[in-house]
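[1] Structure for this input, please:
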Amino acid sequence: MPSRNRDVSVEMKSRRPQARRSKPIFRAPKHKCTDIICLQIFLLFVAILIAISIIAYLNGDPKSLIFPHDSRGNICGQGDYQDKKYLLFFDLTKCLSFLTAITGCPTRQICVSQCPSEIAYDKIPGHQQKLQQFSDPYTNEYPSYTIPSRPLFGRCIPDILSSLSTAQDLVEVTDPDTNVTIPIEALDQTGQISPLSYQTLLKAVEYLKNFLNLKQSYEVLFEDFSKAYLLILIGIGIAAILCFIWMFALRFVVKPIVYLSFAVVILVTGFITYFSINEYLSLQKSKNQTDFKLEFEILFDVNYIKSLKETWLALSIIFGVIFLALVFVTIFLRKQIKFSIALIKEVSKAVVDMPTVLIWPIIPLIIQILFIGYCLTVSVYLASSGIKLYKVVDTNNSFANVTSRANSLVNVGDYCLPELFDKIKKNLTESYECYFYKFGFNTTLPIGLESDQLKNYYTIFMEFINEYQWIPQVYVIFMLFWLVAFSVALNQMTLGGAFGSWFFTRYNKFSLKRLPFMTLIFSFWRAIFYHLGTLAFGSLLIAILKILRVFLEYIGSKAKKSESKAAKYALNCMRCCLWCLEKFVKFLNRRVFIITATYSLNFCAAAKRAVQLITNNILRVMVLNKLSDFILFISNLCITFLMAVLGFYVFTRKIPIDYLLRLTPELNFYVAPLIVFVIGCYCVSKLFLDVFSFGIDTILLCALIDFDENDGTEQKPYFMSTGLKKILKVKNNN
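    Numbers count the residues shown, from 1 in each chain. Model (predicted):
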């Protein structure tokens, strides 16, 4: 008996190690810093952005962009002009030039305490006193006429909306002494002096008409949102809960959803193909065939289109190809479909084990919002930075381009100073004035720095910035693209590390205990401490492609008037190529960040490994990507539609529940809050489902790595689940 017990004990001891070996243990590689040079370049660019922002903050004043300023650059309603909040244009018709957007309106502008309330004309002696109250304090000049106006965005705009029905009428004024009515003369739309009509004034202010008409509607909508914001937030929270429930349930319903969807689509496309072929054959045999005509009037006639045999031929070809493709996929790619379904189930398990991955994307989203806010603020301060700069304008020829005459003392477009210009103005034969243009930087070194060499460099740099102020703005836009792409990359690498850890360490008891919380934190820590260079590299590629696309869009906007079809074709080809290249880089970046987070490889090595895995398993990757996109699209559609229906019944108070009726306020227009509610639910649903989509990419890549590097032996066991091993027909041999 003792010997038998000892034999049993020995046998049990011999089995224990084997039981332990049945659970593979992943030995994670030691993480090291990757792409350090890229990190240094990134930090240098960020330092330059900070330097630009400091200069902008010290010299900028956003109030100059918000509040109007007069011809001398004084801000209305600020400083010495506190009691003069409105800007008056001496002759608004001079603002009709296309150059207004570039050089500003070439008419004198002054700050006034109130807009003109009555019509006046300088050719009527009794109106001189009325006009003199709007004199320029620097030159004592006053407008040649005034029209009853109302303040809009701080500008005095003629109140002519009541006269739109008689827009062709002339603006006339009556002399009280002689009772003679005379028209006011000003520039017309061709740039000639002629009697002023309401139509001319309307052209200068018509873009404001819709704003004035909708002002009351905006106030009503704001009132509705202030009442319904709590319901909107509650609904968005319910949508988030539904997303989590759906992800948990997806492992049980994904298989019937996929096969049912395939069956329905195949039956529908097959029926449409059969019906179209029958219609085509019947029209082919018919003696009364309708001839095809390419005329705009009949192309939208449904009966005409139905009577064409070409219509049914096209439909039969299109849906026949779709039908055959689906049948081909269903028959010959069954294994890949099963593999995709099993992977989606795995991701569902991972999300349930690590629910914190659903909350994590909110943090990168906040970081993106902060980056966007910071860059936009820097851009605004840059646009308003520096001292007042003035340019020469021709007040009698606002429709002319910038002049450059060698024999002229000054030219239109030259920089000027009002004090000096007033002294030489009497020697000019042209109707030139020196008006405020924009804000620029002072070229003198700040007090306290005495280095002559530094003064030289500073002066040259500031003169360059004044001449090319668009360069810092372009740099800020580029950094905006880079920082936003960097935050997206950080999100992807953190999620990739978390899902990768789950895939390889779920059999480790200690790792399983820390999965719900610590896995995500450790993944984030590794990304920050070791792989910022790789994140900077991948996001830099995206930023370069985005700035190139913006540049092409700018060229395209300038080339719209070009008659060269070859240039337009080449531009469209370049747009298409850059768009495709950006999509490919984004696709590759996701895989690179996953491999870097798991194996601590630099960007190039991870990219090479990712391309090898994708090319060796191209069918699996394609099928899984399209299938997962379809499943997530259906999921997002179902959640959004369900919340939209629920929101409609709640906002229209059609659910007879007392508590809900008390909670739902009476709204003026329920449509606007409902639209915001639906958009919010869609965005939240997409935010959570994007995490699921990235989990699918990560688990797929990890499974491919596992299948490629391991062979099931005791030294190299498979880490994938039993379901995946059955589909791939592999197993561990221990």
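
[2] alpha carbons only for contacts and neighbour counts from here, please
    Fine.

[3] Show the average pLDDT along stretch 31-46.
    Regarding stretch 31-46, the rounded mean pLDDT is 92.

[4] go on, stretch 524-535?
    According to the model, stretch 524-535 has a mean pLDDT of 92.

[5] who's in contact with that stretch?
    31-40, 42, 486, 489-490, 493-494, 497, 593, 596-597, 600, 602-603 (C-alpha atoms under 8 Å, 6 or more residues apart in numbering).

[6] what do you get if the cut-off is 6 Å, keeping everything else the same?
    Outside stretch 524-535, the residues within contact range by C-alpha atoms under 6 Å, 6 or more residues apart in numbering are 32-36, 38-39, 489, 494, 603.

[7] ok, and the most crowded of those?
    Thr494 (27 neighbours; other C-alpha atoms under 10 Å).

[8] what packs against the host helix or strand of that one?
    Using DSSP states H and E, the element containing Thr494 is helix 470-505. Contacts defined by 3 or more C-alpha pairs under 6 Å, 6 or more residues apart in numbering; DSSP states H and E place helix 470-505 against helix 518-530, helix 532-558, helix 565-599.

[9] Please identify which of these is closest to Val264.
    helix 565-599 (30.4 Å; C-alpha to C-alpha).

[10] so for the closest one, what's the average pLDDT?
    89.

[11] Go through that helix and flag the buried ones.
    571, 575, 578, 582, 586, 588-599 (16 or more other C-alpha atoms under 10 Å).

[12] Now the element after it, going C-ward?
    Next in line after helix 565-599, if elements are assigned by DSSP H and E, sits helix 603-616.

[13] Backbone dihedrals for Ser135, both of them.
    When read as degrees, to the nearest 10, the backbone of Ser135 gives phi -70, psi 150.

[14] how far away is it from Asp83?
    Between Ser135 and Asp83 the distance is 16 Å, computed by C-alpha to C-alpha, to the nearest Å.

[15] how about the helices and strands packed on helix 470-505, which one is nearest Ile699?
    helix 565-599 (9.6 Å).

[16] how about the helices of the stretch 601-734 of the chain, start to end?
    603-616, 618-651, 658-663, 671-709, 722-728 (DSSP state H, counting those that start in this stretch).

[17] in the stretch 551-700 of the chain, which ranges drop under the pLDDT threshold?
    558-563, 667-669 (pLDDT under 70).

[18] so where do the strands sit in the stretch 351-500 of the chain?
    387-394, 415-416, 432-440 (DSSP state E, counting those that start in this stretch).

[19] mind checking which helix or strand Ile157 is in?
    Per DSSP H and E: Ile157 is located in strand 155-158.

[20] Contacts made by that strand with the rest, please.
    With C-alpha under 6 Å, 6+ apart, strand 155-158 has contacts from 86-88, 115, 148-150.

[21] what about the helices in the stretch 201-350 of the chain?
    209-285, 296-299, 302-306, 309-332, 334-353.

[22] Please convert those to a markdown table, extending it with mean pLDDT and mean neighbour count.
    What follows is the helices of the stretch 201-350 of the chain, written out as a markdown table (pLDDT from 0 to 100; neighbours: other C-alpha atoms under 10 Å):
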| stretch | mean pLDDT | mean neighbour count |
| --- | --- | --- |
| helix 209-285 | 75 | 16 |
| helix 296-299 | 48 | 10 |
| helix 302-306 | 65 | 13 |
| helix 309-332 | 84 | 16 |
| helix 334-353 | 81 | 21 |
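
[23] could I get these as TSV with distance to Ala644?
    Below are these laid out as TSV (distance: least, C-alpha to C-alpha, whole Å):
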stretch	distance to Ala644
helix 209-285	10
helix 296-299	36
helix 302-306	32
helix 309-332	32
helix 334-353	25
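
[24] With Glu553 as the reference, name the closest of those helices.
    Closest among these, using C-alpha to C-alpha: helix 209-285, at 28.5 Å.

[25] which helices and strands sit right next to the closest one?
    By 3+ C-alpha pairs under 6 Å, 6+ apart, helix 209-285 packs against helix 309-332, helix 334-353, helix 671-709.

[26] Kindly provide the distance from Leu343 to Leu701.
    For Leu343 relative to Leu701 (C-alpha to C-alpha), the value is 11 Å.

[27] no no, Tyr145
    75 Å.

[28] next one: Ala120
    Applying C-alpha to C-alpha to Ala120 and Leu701 gives a distance of 78 Å.

[29] Give the residue from the two that has the larger number of neighbours.
    More crowded of Ala120 and Leu701, by other C-alpha under 10 Å: Ala120, with 25 against 21.

[30] Could you list everything the more buried one pairs with in the sheet?
    Under DSSP bridges, the beta-bridge partners of Ala120 are Thr146.

[31] who touches it in this structure?
    Counting by C-alpha under 6 Å, 6+ apart, Ala120 makes contact with 127, 145-146.

[32] cool, and Ile55?
    Ile55 neighbours (C-alpha under 6 Å, 6+ apart): none.

[33] Settle this for me: Tyr718 is touching Glu709, isn't it.
    No: between Tyr718 and Glu709 there is no contact under C-alpha atoms under 6 Å: 8.9 Å.

[34] Tell me which of those two has more neighbours.
    Tyr718 (28 against 12).

[35] what's the closest non-adjacent residue to the more buried one?
    Gly712 (5.3 Å; C-alpha to C-alpha, 6 or more residues apart in numbering).

[36] Test my guess that the one you found contacts Asn732.
    Yes: counting by C-alpha under 6 Å, Gly712 does reach Asn732; the two are 4.1 Å apart.

[37] about what we covered before: which stretch among the helices of the stretch 201-350 of the chain comes nearest Phe648?
    Nearest of those to Phe648, taken as C-alpha to C-alpha: helix 209-285 at 11.4 Å.

[38] and the angle for that closest one with helix 334-353?
    With axes from the mean of the first three to the mean of the last three C-alpha atoms, to 10 degrees as the basis, helix 209-285 and helix 334-353 are set at 150 degrees to each other.

[39] angle of helix 209-285 against helix 671-709?
    Relative orientation of helix 209-285 versus helix 671-709 (the same axes, to 10 degrees): 60 degrees.

[40] what's the closest of the helices of the stretch 201-350 of the chain to Ser564?
    Checked against C-alpha to C-alpha, the stretch from the helices of the stretch 201-350 of the chain lying closest is helix 296-299, at 26.5 Å.

[41] Now the residue nearest to Tyr718, what are its backbone angles?
    Torsion angles, degrees, to the nearest 10, at Gly712: phi 90, psi 0.

[42] who touches it in this structure?
    With C-alpha under 6 Å, 6+ apart, Gly712 has these contacts: 718, 731-733.

[43] are any of these buried, and which?
    Taking 16+ other C-alpha under 10 Å as the criterion, what is buried in those is 718, 731-732.

[44] Could you count how many residues lie near Thr178?
    Neighbours around Thr178, by other C-alpha under 10 Å: 8.

[45] Over to Val676?
    By other C-alpha under 10 Å, the burial measure for Val676, its neighbour count, is 14.

[46] same question, Lys63
    There are 15 residues near Lys63, going by other C-alpha under 10 Å.
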